[in-house]
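Colleague: Generate a structure from the sequence data that follows.
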Amino acid sequence: MTKLEQVSNVKPRLPRQIYFIIGNEGCERFSFYGMRNILTQFLVSSSLLFTASQYLSEADRQGAAKDVFHTFVLGVYFFPLLGGWLSDRFLGKYRTILYLSLVYCAGHACLAFFESNRTGFFTGLFLIALGSGGIKPLVSAYVGDQLDQTNKSIGKVAFDAFYWIINFGSFFASLLMPIFLRNYGPSVAFGIPGVLMFIATLIFWYARKDYVNLPPTPAHPDSFLAVLKSALLAPGSGGAGRPGLTVAMLGASLASVCLALGVADLARMLSHSTPWLGVTLWWCLALVLAIGFVGAGARLQLDRALAKHSPEAVEGVRNVLRILVLFFLVTPFWSLFDQKASTWVLQAGAMTKPSWFQPSQMQALNPLLVMLLIPFNNAVLYPALKRFGYEATALRRMTAGIAIAGFSWIIAGSLQLAIEGGASVSITWQILPYIFLTLGEVLVSATGLEFAYSQAPLSMKGAIMAFWTLSVTVGNLWVLLSNWTVRNEKVTQMITGAGLQVVSFQMFFFAGFAIVAAAAFGFFASKYTMSDNYRRG
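Modeller: Residues are numbered from 1 along each chain as shown. Model (predicted):
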């Protein structure tokens, strides 16, 4: 037996340093969800939303607290683009994660020490959004960097363990931090997540000599943006036009209109006549239009870039654009998933339950189920499917996950119909849609981390992971657009004329939205050619 054959017969093991990255992630997620889950509740009861010349009623404080919260979340899901760019082009993943983690710690310190100081507290929120958002796409990509061709077969195990620890931190943060806020006050409640983030940074730094660090790739003539620019601006042969550039310019024009509408809403928001959600909707829509139309335009005439760039570079861009299409088709899943914290909580409030049980406490069921389902899938479900001759590939798992999430909303919609019909429905029935939604989450979200990393070219790992994170923002954009649409009186009349109420109608609408998206995802996935972009050993 040759040495190569002996090596290939050895069962690969997770590299030692991955355990430190996973430990870092568990502490970081506790810190993030710990402060995030108590933020709105704290703001409503604090004086931070007042100014010397302004008094807010209870209802106005709730609205202002939501504005602050959504502004914070908006930053968290946009800063991954900055983190991915800094990592890929200048600092590399290790230094970007370490430096932004220190910024993250400083933000937590501001919340703990300036809980009664408006400027200091909001500065802390900005620093946390920058730090948390900036490292969000990089930590999971850094897990993949530690693997190569010799042990890539355990990539799924590594990313599943990574996703499991996220929910471990989220579960205990959801249970404990409201108790600390109530019993010990905001300084302690915000200070404990800060301590956990500092521990996370120490854990990450401790294994610094063990990490595999891929160098950043400075911009070069064959970079992604350079190829896109060449494709869009290159003239066609024989005097042919530039339809791709026309499409890109149309998207830029529509995005500019959305930005202007957002600025107008911002001005009205500052005069307290419109909520921040209007600004969020327009600016998110501007980003989606810009990315979608520019990508589609470049795809129409991408071959023209061959005049200035290598075939490998052009094919790399083509692959990235294919990945972004799949990411876009995943966004309806996030529309369903994130509404468990809003629509399903409101539904739980209308169900019968013990007097001591709060509707929001159902949220702890989701991370608990994730921790149970990940090992169940790996140890029982996937091996059983394989024995029946069905290979649960990444794209097949994601297709099934989107469809299963849609089915969970059919169940939730049926419960809502019973509630609207006057029936007394126990909250225990809501466990059923939670099970299916969480199964869909495990199949889509945990698998998506592995898929996004494995398909991204080496020079764009951080950026691709940032786009994966951005798909969450787009999913929430669909929710905002849906809520905006059903506020129209004619739309409401059409819904009631069909014998439904708005809430149940939206539940079935989003169920259908996800099932159609699953069909489209499955069709596109069947034509997708998988790449192998793990580094060479």
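Colleague: distance between the ends of stretch 295-304?
Modeller: Terminal residues of stretch 295-304 lie 15 Å apart, using CA to CA, to the nearest Å.
Colleague: so how far is Leu289 from the residue lying closest to Val502 once chain neighbours are set aside?
Modeller: Nearest non-adjacent residue to Val502, counting by CB to CB, 6 or more residues apart in numbering: Val486, 5.3 Å away. Placement of C-beta: from N, CA and C, glycine included. According to CB to CB, to the nearest Å, Val486 and Leu289 sit 22 Å apart.
Colleague: Please identify which of these two sits among more neighbours.
Modeller: Remark: of Val486 and Leu289, Leu289 carries more neighbours, 20 against 16, as counted by other CB atoms under 10 Å.
Colleague: so where's the stretch 251-400 of the chain shaky on pLDDT?
Modeller: For the stretch 251-400 of the chain, applying pLDDT under 70 flags the ranges 269-278, 280.
Colleague: sorry, that was for the stretch 101-250 of the chain
Modeller: Ranges of the stretch 101-250 of the chain meeting pLDDT under 70: 239.
Colleague: Mind jotting down where the helices sit in it?
Modeller: With DSSP state H, counting those that start in this stretch, the ranges of helices along the stretch 101-250 of the chain come out as 118-145, 155-184, 186-206, 224-233, 243-270.
Colleague: Mean neighbour count and distance to Glu441 for the ones you listed - can I get that in JSON lines?
Modeller: Putting these into JSON lines (neighbours: other CB atoms under 10 Å; distance: least, CB to CB, whole Å) gives the following:
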{"stretch": "helix 118-145", "mean neighbour count": "23", "distance to Glu441": "15"}
{"stretch": "helix 155-184", "mean neighbour count": "20", "distance to Glu441": "9"}
{"stretch": "helix 186-206", "mean neighbour count": "20", "distance to Glu441": "23"}
{"stretch": "helix 224-233", "mean neighbour count": "19", "distance to Glu441": "30"}
{"stretch": "helix 243-270", "mean neighbour count": "16", "distance to Glu441": "30"}
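Colleague: show me where the stretch 251-400 of the chain has strands.
Modeller: Using DSSP state E, counting those that start in this stretch, no strands are assigned anywhere in the stretch 251-400 of the chain.
Colleague: Please, where are all the helices along it?
Modeller: Remark: helices assigned in the stretch 251-400 of the chain by DSSP H, counting those that start in this stretch are 276-300, 311-338, 343-349, 365-376, 382-387, 394-420.
Colleague: quick one: contacts of the shortest one?
Modeller: To tie it back to what came earlier, the one meant is helix 382-387. Helix 382-387 is contacted by residues Glu391, Ala392 when judged by CB atoms under 8 Å, 6 or more residues apart in numbering.
Colleague: Mind listing what's buried along that helix?
Modeller: Within helix 382-387, the residues scored as buried using 16 or more other CB atoms under 10 Å are Tyr382.
Colleague: And the first one, by the same measure?
Modeller: Of all the residues in helix 276-300, those buried under the rule 16+ other CB under 10 Å are 276-300.
Colleague: Next up, the contacts around the closest residue to Asn151 other than its chain neighbours.
Modeller: With CB to CB, 6+ apart as the criterion, Asn151 has its nearest non-adjacent residue at 3.6 Å, and that residue is Pro12. The neighbours of Pro12, taking CB under 8 Å, 6+ apart as the test, are Thr150, Asn151, Ser153, Ile154.
Colleague: what about the third one, how many neighbours?
Modeller: Under the neighbour criterion other CB under 10 Å, Ser153 is assigned a count of 11.
Colleague: likewise the last one?
Modeller: For Ile154, the count of nearby residues is 17 (other CB under 10 Å).
Colleague: I'd guessed it sits against Val143; true?
Modeller: No. With contact defined as CB atoms under 8 Å, Ile154 does not count as touching Val143 (11.1 Å).
Colleague: quick one: the closest residue to Phe42 other than its chain neighbours from Ala109, how far?
Modeller: Residue nearest to Phe42 in three dimensions, not counting chain neighbours: Pro186, with 5.5 Å by CB to CB, 6+ apart. Separation of Pro186 from Ala109 (CB to CB): 13 Å.
Colleague: and stretch 112-128, C-alpha only, in PDB?
Modeller: What follows is stretch 112-128, C-alpha atoms only, in PDB (Å, rounded to 0.1, in the frame of the first residue of the first chain):
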ATOM      1  CA  ALA A 112     -22.900  48.700  30.300                       C
ATOM      2  CA  PHE A 113     -21.300  52.000  31.400                       C
ATOM      3  CA  PHE A 114     -23.500  54.500  29.600                       C
ATOM      4  CA  GLU A 115     -27.000  52.900  30.200                       C
ATOM      5  CA  SER A 116     -28.300  56.300  31.200                       C
ATOM      6  CA  ASN A 117     -26.300  58.400  28.700                       C
ATOM      7  CA  ARG A 118     -27.900  58.800  25.300                       C
ATOM      8  CA  THR A 119     -24.700  59.600  23.300                       C
ATOM      9  CA  GLY A 120     -22.700  56.800  25.000                       C
ATOM     10  CA  PHE A 121     -25.400  54.200  24.700                       C
ATOM     11  CA  PHE A 122     -26.100  54.800  21.000                       C
ATOM     12  CA  THR A 123     -22.400  54.900  20.300                       C
ATOM     13  CA  GLY A 124     -22.300  51.400  21.800                       C
ATOM     14  CA  LEU A 125     -25.100  50.200  19.500                       C
ATOM     15  CA  PHE A 126     -23.200  51.500  16.500                       C
ATOM     16  CA  LEU A 127     -20.000  49.800  17.600                       C
ATOM     17  CA  ILE A 128     -21.800  46.500  18.200                       C
END
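Colleague: Ramachandran angles for Pro12?
Modeller: The phi/psi pair for Pro12 (degrees, to the nearest 10) reads phi -70, psi 150.
Colleague: One more: the one 3 residues further on?
Modeller: In terms of degrees, to the nearest 10, the main-chain angles of Pro15 are phi -60, psi 150.
Colleague: Ok, Arg487 next?
Modeller: Backbone torsions of Arg487, given as degrees, to the nearest 10, read phi -80, psi -10.
Colleague: That one - how many residues pack around it?
Modeller: There are 10 residues near Arg487, going by other CB under 10 Å.
Colleague: Which residues are in contact with it?
Modeller: By CB under 8 Å, 6+ apart, no residues touch Arg487.
Colleague: Tell me, what's the model's pLDDT at it?
Modeller: With respect to pLDDT, Arg487 scores 71.
Colleague: Tell me the spacing between it and Phe505.
Modeller: With CB to CB as the criterion, Arg487 and Phe505 are 13 Å apart.
Colleague: Over to Lys490?
Modeller: 14 Å.
Colleague: Comparing these two, which residue is more hemmed in?
Modeller: Phe505 (20 against 7).
Colleague: and the gap between the more buried one and Gly499?
Modeller: Separation of Phe505 from Gly499 (CB to CB): 10 Å.
Colleague: what does Leu480 give?
Modeller: Taking CB to CB as the criterion, Leu480 is separated from Gly499 by 26 Å.
Colleague: Who has more neighbours out of those two?
Modeller: When Leu480 and Gly499 are compared for neighbours, Leu480 comes out ahead with 18 against 9, by other CB under 10 Å.
Colleague: element containing that one, please.
Modeller: Using DSSP states H and E, Leu480 sits within helix 461-486.
Colleague: Fine, thanks again, bye for now.
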